[in-house]
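S.K.: I'd like to go over a predicted model; first the sequence, then the structure.
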Amino acid sequence: MKSLVKFAALTLAALPALAVADVSLNGVRITGKDPAALVKFYVTAFGMQEVQRIEQAGEYMLNFGATPAAAQANRTKLGGGDIVVMRAAADDIRDNTAHVVLNVTDMDATVKAVKAAGGKMEREPFVYGGSVKIGMAIDPAGNHIELIQGAGQATPQKK
């Protein structure tokens, strides 16, 4: 019995390592009643490009890159998941979870781009843990976006 328990413990301990080796981010899905307008928001605010469209499903896949070819190449990288925009019956902000979490290198410029593209800030950027800046944005359809500027990427202070 003792050896069976030891075997089970070793097997269970190995499972998370096995799962992580074969798992990567495919994408996150957001919805709105006007998917084309949402695509325009993400292209304008975050410099994303459309990398695929599935007409029958009404899905638009977006990824980061200065050009469509660069965005297409980025989506093949481990962790280079797409933002998938899909039609919904209505815009709905009842779910206030930030389903999209983006790393940024210049929080101030990103906040300006979000606002200029038609989004808004639910919570203006704040410092967390002494060195990480976090801002909470909302796209035009009500999808929540968390913006994170990591330690060592602080926006230069104006003199």
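M.R.: Ah, there it is.

S.K.: for G129, give its distance to R29.
M.R.: Remark: distance between G129 and R29 (CB to CB, to the nearest Å) = 29 Å. All C-beta spots, glycine's among them, are computed from the backbone N, C-alpha and C.

S.K.: more neighbours, those two?
M.R.: R29 (15 against 7; other CB atoms under 10 Å).

S.K.: any idea what that one is bridged to?
M.R.: R29 forms beta bridges with V84, as assigned by DSSP bridges.

S.K.: enumerate every residue touching it.
M.R.: 84-86, 99 (CB atoms under 8 Å, 6 or more residues apart in numbering).

S.K.: before we move on, what about D34?
M.R.: Taking CB under 8 Å, 6+ apart, one finds A141 in contact with D34.

S.K.: distance of it relative to Q56?
M.R.: Using CB to CB, we find D34 at a distance of 18 Å from Q56.

S.K.: with Y128 instead?
M.R.: Relative to Q56, Y128 is positioned 42 Å away (CB to CB).

S.K.: just for this structure, where's the confidence low?
M.R.: Where the chain drops to pLDDT under 70, the residues are 1-24, 78-79, 92-93, 152-159.

S.K.: which strand runs longest in it?
M.R.: strand 120-128 (DSSP state E).

S.K.: tell me the buried residues in that strand?
M.R.: With burial defined by 16 or more other CB atoms under 10 Å, the residues of strand 120-128 counted as buried are P125.

S.K.: can I get it as PDB, trimmed to CA atoms?
M.R.: Below are the C-alpha coordinates for strand 120-128, written out as PDB (Å, rounded to 0.1, in the frame of the first residue of the first chain):
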ATOM      1  CA  LYS A 120     -12.300  54.500 -22.200                       C
ATOM      2  CA  MET A 121     -10.500  53.900 -19.000                       C
ATOM      3  CA  GLU A 122     -12.400  52.200 -16.300                       C
ATOM      4  CA  ARG A 123      -9.500  52.800 -13.900                       C
ATOM      5  CA  GLU A 124      -6.600  55.100 -14.700                       C
ATOM      6  CA  PRO A 125      -3.100  53.600 -14.400                       C
ATOM      7  CA  PHE A 126      -1.900  53.000 -10.900                       C
ATOM      8  CA  VAL A 127       1.300  51.600  -9.400                       C
ATOM      9  CA  TYR A 128       1.100  48.000  -8.000                       C
END
